[in-house]
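>>> let's see this in three dimensions:
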Amino acid sequence: MSTAKQPVILPGATLGVMGGGQLGRMFVHAAQAMGYRTAVLDADPDSPAGLVSHVHLRTPYLDEAGLRQLAQVSDAITTEFENVPAQALDTLAASRPVAPSGAAVSVCQDRAREKAHFVGCGVACAPHALIETPAQLAAVTDDLLPGILKTARMGYDGKGQIRVKTRAELAAAWDELDRVPCVLEAMLPLAYEVSVLVARGRDGQVVHFPIQQNLHRDGILAVTTVPAPDLSAAVAEQAYASAHRIASSLDYVGVLCVEFFVLQDGRIVANEMAPRPHNSGHHTIDACDVSQFELQVRCMTGLPLVAPVLHSPCLMLNLLGDLWFPGGAADQVEPDWAAVLALSGTHLHLYGKASARKGRKMGHLTVTGATPEAARATALQVAALLGIAPF
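Numbers count the residues shown, from 1 in each chain. Reported below is the predicted structural model:
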C-alpha cells in the first residue's frame, strides 16, 4: 500500500511493530508518549516490546493468521529488526502503510545486494567479492586478503563473520559457515568508525542527526560518542550526503542508519546499513530534542519531520550481559545501579530481559554533560564502576 498519498495518521491510532526486541520496546515507548496505541508481533511471550505494548501477537513472522490480525488492529506498521522477512512486510503492505518497505529491507538483508546498491549510488565501499561456489572461492584475488568473510544474510553484532589472512584460512572459514553465500571484504586501514542516522518522510524530506563516532569490541558496539571527536567537516559533509543519497535511492520511509569506515588516509567508505533505528542512536532519547524513535513514528504516520538538535554532548555505553557476572562469577549479580546513578548526567535504560548472558544487550546508559570533556570523564567513572574496559 503506497504511503505517498496516505492521510496523516494522528495520535489515537494504533501503530504495529514487527519484532519485539529492545528497539521495538523503545519505539513503543515513544509512540505511546505521543498518544498512539501499539501492537507488537513477536513469538516470544517475554519479548521486551511485547511486555509494554497494548497488544502482543505471539506468532512467528510469517504466520498468516498473525499477519492478518496485525493488519486488522494497526493503522500503519514498521519493523524493528532487519531480519524480519521482507515477504511478511510485503503481505502487510497489501492492506496497510508499511515503512520501511519490504523492497528496501530486502536490500539491507543481503550484503551483496547492499554493496551493489552502495556502488550504484556512487558511494564507495570496501573491495569485496561474492562467494557462493568453489569456483568463486578459487577466483578470489590477492588484494582481498587479509579480509573478513561475512555471511551474505542473517548477520548482525559480529555474528556470521570470520577474519581470514590466507587462502587456507578463507577456505576453512567458508566451511565453518556451512558454505552459505558469503561476501569477502578486504581489511582496510581504519582510523575510526562513524554512523549517520537519517529519517526520510513519505514526501521525500530527509533530516539527520549529528554523526556518531563508534567503538566496537568483538563485533558489538561498545561506546558511541557525540559529537564525534575525530570527525572533520569534510568527512561529515561526505557522510551526510552519502546517507541521504542512499535513503533517497531506496525510496526509503523511516529511520535508516548507515555505518561508515573512515580510513587513515581520510577516505570514507560505507560499511553497512540498517533499515531501522540503530544501537548507535540510543543516545538521542536523552541528548537530542527529538529521538530516533519519535522520528520513526513521524515518518510512518506522515507527521512533519524536524531537523534534530543535539542539546547535550554525550557518550552511550552498551550494557552487555557480561556485566552481570563480575570476575567470571557463576551466578548472576545485579550491577550497582545506585552508585552509577549517583553520578550527574547518567541515564539508565534496561530492556526488561530476565536473564543475562555474555554478549547479550541488556540495556544502555547515556551520559550527558555540559561539555564533551565532562561527559567523557563521567562515562569513564561509570565504566570503572561497572567493570567496562576504559576507552
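>>> going by residue numbers, what spans are helices in the stretch 201-350 of the chain?
233-249, 284-287, 292-301, 337-341 (DSSP state H, counting those that start in this stretch).
>>> buried residues in the first one?
I take that to be helix 233-249. Within helix 233-249, the residues that count as buried by 16 or more other C-beta atoms under 10 Å are V235, A236, Q238, A239, Y240, S242, A243, H244, R245, I246, A247, S249. Using the backbone N, CA and C atoms, a C-beta is placed for each residue, glycine as well.
>>> just to check, the fifth one is in contact with V194?
Meaning Y240. No. Y240 sits out of contact with V194 when judged by C-beta atoms under 8 Å, with a separation of 10.6 Å.
>>> shared neighbours of those two, anything?
Contact criterion C-beta atoms under 8 Å, 6 or more residues apart in numbering; residues shared by Y240 and V194: I211.
>>> can you count the residues close to the residue lying closest to V119 once chain neighbours are set aside?
Leaving aside its chain neighbours, V119 sits nearest to C125 (6.7 Å; criterion: C-beta to C-beta, 6 or more residues apart in numbering). C125 is flanked by 19 other residues according to other C-beta atoms under 10 Å.
>>> may I have the beta-bridge partners of C125?
Beta-bridge pairing for C125 (DSSP bridges): A270.
>>> going forward, count from 734.
Understood, numbering begins at 734; the last thing we discussed is C858.
>>> how much space between it and E847?
From C858 over to E847 the distance is 9 Å, taken as C-beta to C-beta, to the nearest Å.
>>> list the contacts for the residue nearest the centre of the chain?
Nearest to the mean C-alpha position of the chain, by C-alpha atoms, centre = their mean, lies H1011 at 2.8 Å. Counting by C-beta under 8 Å, 6+ apart, H1011 touches S928, L930, V988, C990, Q1025.
>>> closest to I742 among those?
Of all the contacts of H1011, V988 has the smallest distance to I742: 16.6 Å, by C-beta to C-beta.
>>> wait, isn't that closest one in contact with S1024?
No. Between V988 and S1024 there is no contact under C-beta under 8 Å: 9.8 Å.
>>> neighbour count winner among these two?
V988 (33 against 25).
>>> hey, what's the more buried one bridged with?
A932.
>>> just the pLDDT for D890.
The score at D890 is 62. That number is its pLDDT.
>>> ok, of the buried residues of helix 966-982, which one's closest to A904?
The closest of the buried residues of helix 966-982 to A904 turns out to be I979 (C-beta to C-beta; 33.2 Å).
>>> surely the closest one and A1007 touch.
No. Contact criterion C-beta under 8 Å: I979 and A1007 do not qualify, at 11.7 Å.
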